[in-house]
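Novice: can't give you the sequence, but here's the structure:
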């Protein structure tokens, strides 16, 4: 047998495949058992009137599995990706989850939803952010997935305004790497006459476009997915989009990773009508208003200092009315039911004119998820995703 330096002797391909087949048999047997148990869990939840969707339990499972794993080849992203689909399949046996997001299909909002909830979910593209919130608030859908901030351009104002207006709770968060590729109905850069993209994509690829395509027309669209769709049948058009959109609309990728900000990340949140229970590693988001007086913000945050509650984000936003009035959006460590957090929030509610708890939820990994070509290939092999509703075009 051939031997590689520093590695064990190579085994025959046939022997390896036979062993893999045996492992697959065992996996199927254990997966079948897990599905039966998940089905029974659903029956118990319904009988006891418990919430069928339990995001903190799902996140606790994922974190426990990452901790238990000792195989270097089974990296945390790979393990999470595998179990995300297992949890989605288990969830579908208990009840069909309906997720709303800003359409059309194959936007980064859609991709973030896939990363959080897996493929075995009913996805519903909406025509506006307000429709996304309204559809969940009125019980048409179970979950809304929306962007809340970008590491380059800051917070998404419309999301913050709608969180203030609607009584929904954050139940999950997800960080997605914003990777832009140039794809179109072309074979190379010389054929491109027009580039289509969302304004945010243009702003994050401005230098690359000026260097490589300074003479082409730039056309703004409502989303990167719409840009890809508009390039599908017209020769000479190209779009700044993600790999899912390029693949779905049959475009050739002529330039990869062209963002001027390669580390750009967008944080997405999932919103529900129900709150979550503590997972042991949580964040809490709140909004509050203060009186227009010197030291008002200092006094508002003093309870957090007194009770040892760490703030991870604070941002102001105009309150619309009255003029010169501001709201403050804050993320802090811990669950609202944790004693220290509860004490700090209670003091803030007593002292401030307005406090709204946006939700407590499991803290996401700091490592952003990324779309890669293997995901796209697996998507083609695995089949279609259940999606409903009209796309925005």
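Specialist: In hand now; what should we look at? The model shown is predicted, which means the values in this text are computed figures rather than measured ones.
Novice: mean confidence score for the helix or strand harbouring residue 32?
Specialist: Assigned by DSSP states H and E, residue 32 falls within helix 13-48. In this model, helix 13-48 carries a mean pLDDT of 88.
Novice: Equivalent analysis for stretch 352-360, please.
Specialist: Stretch 352-360 shows a mean pLDDT of 93.
Novice: What residues sit buried inside the helix holding residue 32?
Specialist: For helix 13-48, the neighbour count (16 or more other CB atoms under 10 Å) marks 38, 41, 42, 45 as buried. No exception for glycine: its C-beta is placed from N, CA and C like everyone else's.
Novice: thought the last one was touching residue 94?
Specialist: Which is residue 45. Yes. Residue 45 lies in contact with residue 94 (CB atoms under 8 Å); the separation is 6.8 Å.
Novice: From residue 77, how far out is the nearest residue to residue 100 once chain neighbours are set aside?
Specialist: Among residues not flanking residue 100 along the chain, residue 141 sits closest, at 4.2 Å (CB to CB, 6 or more residues apart in numbering). As judged by CB to CB, to the nearest Å, residue 141 and residue 77 stand 28 Å apart.
Novice: How is the protein divided into domains?
Specialist: 13-50, 181-263, 282-362 (automatic domain parsing).
Novice: Of those, flag the one that's most buried.
Specialist: Comparing these by mean neighbour count (mean count of other CB atoms under 10 Å), domain 181-263 comes out on top with a mean of 19.
Novice: Over to residue 231: give its phi and psi.
Specialist: The phi and psi torsions at residue 231 (degrees, to the nearest 10) take the values phi -90, psi 0.
Novice: For the closest residue to it other than its chain neighbours, give me the pLDDT.
Specialist: The shortest distance from residue 231 to any non-neighbouring residue, by CB to CB, 6+ apart, is to residue 237 (4.0 Å). The model reports residue 237 with a pLDDT of 95.
Novice: Measure how buried residue 85 is and give me the count.
Specialist: 16 (other CB atoms under 10 Å).
Novice: what's the helix or strand for it?
Specialist: Going by DSSP H and E, residue 85 is in helix 76-94.
Novice: From the contact counts, what lies against that helix?
Specialist: If contacts are counted by 3 or more CB pairs under 8 Å, 6 or more residues apart in numbering; DSSP states H and E, helix 76-94 sits against helix 13-48, helix 55-68, helix 108-117.
Novice: Helices along the chain, start to end?
Specialist: 13-48, 55-68, 76-94, 108-117, 129-137, 157-165, 199-204, 206-212, 224-230, 243-248, 296-306, 339-351, 373-382 (DSSP state H).
Novice: can you tell me which of those comes nearest to residue 315?
Specialist: Among those, the nearest to residue 315 by CB to CB is helix 157-165 (7.9 Å).
Novice: Show me the contact partners of that closest one.
Specialist: 129-130, 133, 146-148, 271, 287, 315, 317, 320, 327, 329, 356, 358 (CB atoms under 8 Å, 6 or more residues apart in numbering).
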